[in-house]
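Undergrad: what follows is a predicted structure for the sequence shown.
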Amino acid sequence: MKLLLDQGLPRSSAELLRETGLDAVHTGECGLSTAPDDAILAAGRTQGRTVVTLDSDFHTILALEEASGPSVIRVRWEGLRGSDMAELIGRVLNLCRDELELGAAVSVRPEGIRIRLLPMIRVPLEDAPE
């Protein structure tokens, strides 16, 4: 699995993930350190990378665009050091690999993981009570 780590994550996490055999790059390593969120998503889509971020905007963009990719892992767990973040990302990949390969928005909190398959679409109910 190929990963693109957003600027809010420790840069050392990408290096540690590479040491485990994953193809991981940090936005600061590939000229995207000041790129807007939509450009980072576009890079993830073009390069076939799952985007890993602390930023809620990525899931919002995917939902509003009803996009089918790229997959995004949002870590809602602040203050993790590089090694702890790399370990957490590895655990999430082990648990959610199939969904991420299909296209998913994954949210990670200390109490658990939520997975939404892409595209996230809203279907209106006909004759719904008001």
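TA: That came in fine, so what should we check first?

Undergrad: quick check: Ser56 vs Arg74, distance?
TA: 6 Å (Cβ to Cβ, to the nearest Å). Every residue, glycine included, has its C-beta placed from N, CA and C.

Undergrad: tell me which of the two has more neighbours.
TA: Arg74 (21 against 12; other Cβ atoms under 10 Å).

Undergrad: run through the neighbouring helices and strands of the helix or strand that contains that one.
TA: Assigned by DSSP states H and E, Arg74 belongs to strand 72-75. Contacts defined by 3 or more Cβ pairs under 8 Å, 6 or more residues apart in numbering; DSSP states H and E place strand 72-75 against strand 50-53, helix 57-65, helix 82-102, strand 104-109.

Undergrad: backbone dihedrals for the residue lying closest to Val51 once chain neighbours are set aside, please?
TA: Excluding the flanking residues, the one nearest Val51 by Cβ to Cβ, 6 or more residues apart in numbering is Gly44, at 4.3 Å. Backbone torsions for Gly44, taken as degrees, to the nearest 10, come to phi -60, psi -40.

Undergrad: where does Ile115 sit, in terms of helix or strand?
TA: Assigned by DSSP H and E, Ile115 belongs to strand 112-117.

Undergrad: Trp77 now?
TA: Per DSSP H and E, there is no helix or strand for Trp77.

Undergrad: the closest residue to it other than its chain neighbours and Gly103: what is the separation?
TA: In this structure, Trp77 finds its nearest non-sequential neighbour in Pro110, 5.8 Å apart by Cβ to Cβ, 6+ apart. Pro110 sits 25 Å away from Gly103, going by Cβ to Cβ.

Undergrad: no more questions from me, cheers.
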